[in-house]
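*Asks:* here is the input, now give the coordinates:
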Amino acid sequence: MTAVIEREQLTERDLDQAKACRELVQKGSVLAAILDGIIGDNVLVVRKDEELSPAQAAEILGVSRPYVTRLLKSGLLESHMVGSHHRITVLALRTYMVNRDAGRKEYAHAINSRAKDIADAVDEVAPVSETSRNRMRDLVAEHRREAIKASSAAVSPAE
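*Replies:* Numbering: from 1, shown residues only. Below is the predicted model:
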């Protein structure tokens, strides 16, 4: 059985008690992370065998339900059917999140590596002024920011 408690249901007394408990709990522990989440409104505690609807999975991922449906159809996110409804296990959702994050890091690393190779090649071909070098660094930094934004699209199903 899962109890869903919205932040609005917590009283000031509840939050004060959570803060008091947090001071007693060892830093870096799982319980400390849960209490930090309660205090900061960014934790969800579920059983590992819990099953989620696409709407619940979308809320956890911070995406729309139709996007989760596309993930399901593409096979990037595993689910099973209960009647005519998709159900996603917490383990399947966690696996997707780990794979998504790894894909983003790999994509960003590839872009950064490529940008460094280009900058090194330019330096070998023709020495450039400090002003030009700074401008290239700015362009590479801008390219990296764009690559990070685009990285989620690189590991997502096609529209």
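
*Asks:* tell me the buried residues in stretch 23-42?
*Replies:* Within stretch 23-42, the residues scored as buried using 16 or more other Cβ atoms under 10 Å are 32, 34-36, 38-39. The way it works is simple: take the backbone N, C-alpha and C, and place the C-beta from them, glycine included.

*Asks:* which of the residues you listed lies closest to residue 76?
*Replies:* residue 34 (28.5 Å; Cβ to Cβ).

*Asks:* what does residue 88 show for phi and psi?
*Replies:* phi -120, psi 130 (degrees, to the nearest 10).

*Asks:* roughly how far does it sit from residue 101?
*Replies:* Using Cβ to Cβ, to the nearest Å, one obtains 17 Å as the distance from residue 88 to residue 101.

*Asks:* can you check residue 121 too?
*Replies:* Using Cβ to Cβ, residue 121 is found at 31 Å from residue 101.

*Asks:* the more surrounded of the two?
*Replies:* Just comparing residue 121 and residue 101: by other Cβ atoms under 10 Å the higher neighbour count belongs to residue 101, 13 against 9.

*Asks:* now the helix or strand in which that one is found: buried residues?
*Replies:* Element membership for residue 101 (DSSP states H and E) is helix 90-125. Residues of helix 90-125 classed as buried: 90, 92-93, 96, 100, 103-104, 107-108, 111, 115, 119 (neighbour count, 16+ other Cβ under 10 Å).

*Asks:* for the residues you listed, give me JSON lines that also has distance to residue 60 and pLDDT.
*Replies:* Below are the buried residues of helix 90-125 laid out as JSON lines (distance: Cβ to Cβ, whole Å; pLDDT from 0 to 100):
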{"residue": "90", "distance to residue 60": "9", "pLDDT": "87"}
{"residue": "92", "distance to residue 60": "12", "pLDDT": "91"}
{"residue": "93", "distance to residue 60": "7", "pLDDT": "91"}
{"residue": "96", "distance to residue 60": "10", "pLDDT": "90"}
{"residue": "100", "distance to residue 60": "12", "pLDDT": "88"}
{"residue": "103", "distance to residue 60": "18", "pLDDT": "81"}
{"residue": "104", "distance to residue 60": "17", "pLDDT": "82"}
{"residue": "107", "distance to residue 60": "22", "pLDDT": "83"}
{"residue": "108", "distance to residue 60": "23", "pLDDT": "82"}
{"residue": "111", "distance to residue 60": "27", "pLDDT": "83"}
{"residue": "115", "distance to residue 60": "33", "pLDDT": "78"}
{"residue": "119", "distance to residue 60": "39", "pLDDT": "73"}
